[in-house]
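Q: Any chance you can model this:
(chains A and B)
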Amino acid sequence: GDSVTQMEGPVTLSEEAFLTINCTYTATGYPSLFWYVQYPGEGLQLLLKATKADDKGSNKGFEATYRKETTSFHLEKGSVQVSDSAVYFCALSHIASGNTPLVFGKGTRLSVIA
Amino acid sequence: DAGITQSPRHKVTETGTPVTLRCHQTENHRYMYWYRQDPGHGLRLIHYSYGVKDTDKGEVSDGYSVSRSKTEDFLLTLESATSSQTSVYFCAIRVGQGNYGYTFGSGTRLTVV
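A: Here you go, the predicted model:
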């Protein structure tokens, strides 16, 4: 079955540092890929998405590129802020099927210190 | 989150008792999902629904049942709660076309003692 693997956390960075959170996937066909963010005490929010190979999703300074050849969708941000502290989830789903629940990675906790 | 409400937000229950969690949406979306979130496991799908009275099992469905008698409500029932079902439960709805939007509820923190 489909699966998502993302780097183990927690990740602790100083403010303005560069962030990379690795995500790789195993899936048949060509899934859509997502990054979700969960702030403390809240539900998940969609951060960005990409639906085909070489697409780049971006939002709030975060970026991720759909790399089919390496089955990866790494999350990056050039300069993190304290407010970026949260848990980040990589996920996939298939557009072709009518009902395709999201499959999540285990999440990576990011702490940004001032 | 806009259009989706989970209740209760917190619950403590005893082992062996039945528990029902409710997910309510106001926007008439067809697809609804129940996930549980546990440290080290991320979010795992319990059950999902693709319409009234149309449901299917997810990855971790044992010990859980669901019902959807009307579009707006998706109920998750633990028939006889166990300590291993202590978790945070999230409901989600799929909005829009394709896979562009899943809106999540704020979660229910369930503790089974």
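Q: In which helix or strand does the one residue sitting closest to the centre of chain B reside?
A: Residue closest to the mean C-alpha point of chain B, counted by Cα atoms, centre = their mean, is B:Trp34 at 3.0 Å. Per DSSP states H and E: B:Trp34 is located in strand B:32-38.
Q: Only the buried residues of that strand, if you could.
A: B:Met32, B:Tyr33, B:Trp34, B:Tyr35, B:Arg36, B:Gln37 (16 or more other Cβ atoms under 10 Å in any protein chain shown). Quick note: C-beta positions are derived from backbone N, CA and C, even for glycine.
Q: now, which of these lie close to chain A?
A: Taking Cβ under 8 Å from any Cβ of the partner chain as the test, chain A is in contact with B:Tyr33, B:Tyr35 out of those.
Q: okay if I get the buried residues of strand B:32-38 as JSON lines plus pLDDT?
A: Shown next, in JSON lines, are the buried residues of strand B:32-38 (pLDDT from 0 to 100):
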{"residue": "B:Met32", "pLDDT": "93"}
{"residue": "B:Tyr33", "pLDDT": "95"}
{"residue": "B:Trp34", "pLDDT": "97"}
{"residue": "B:Tyr35", "pLDDT": "97"}
{"residue": "B:Arg36", "pLDDT": "97"}
{"residue": "B:Gln37", "pLDDT": "95"}
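Q: Out of the buried residues of strand B:32-38, which two sit at the greatest distance?
A: B:Met32 and B:Gln37 (16.8 Å; Cβ to Cβ).
Q: Now do stretch A:103-112: distance to the chain's middle.
A: 8 Å (Cα atoms, centre = their mean, to the nearest Å).
Q: Got phi/psi on A:Glu16?
A: Main-chain torsions, A:Glu16, degrees, to the nearest 10: phi 80, psi 0.
Q: cool, and A:Leu102?
A: Taking degrees, to the nearest 10 as the convention, A:Leu102 sits at phi -70, psi 140.
Q: Grab the nearest non-local neighbour of it.
A: A:Ala91 (4.6 Å; Cβ to Cβ, 6 or more residues apart in numbering or on different chains).
Q: The one you found touches A:Leu33, doesn't it?
A: Yes: contact between A:Ala91 and A:Leu33 holds when scored by Cβ atoms under 8 Å: they sit 7.4 Å apart.
Q: Alpha carbons of the helix or strand of chain B with the lowest mean pLDDT, as PDB, please.
A: Lowest by mean pLDDT, DSSP states H and E among the helices and strands of chain B is strand B:101-104, with a mean of 84. The C-alpha coordinates for strand B:101-104 follow below in PDB (Å, rounded to 0.1, in the frame of the first residue of the first chain):
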ATOM      1  CA  GLY B 101      -8.900  20.500   0.200                       C
ATOM      2  CA  TYR B 102      -9.200  18.600   3.300                       C
ATOM      3  CA  THR B 103     -10.500  20.600   6.300                       C
ATOM      4  CA  PHE B 104      -9.800  19.100   9.700                       C
END
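Q: Give the bridge partners for residue 65, please.
A: Just going to use chain A. Using DSSP bridges, the bridge partners assigned to A:Thr65 are A:Lys56.
Q: could you do chain B instead?
A: B:Thr77.
Q: which regions of chain A lie under the pLDDT threshold?
A: A:95-99 (pLDDT under 70).
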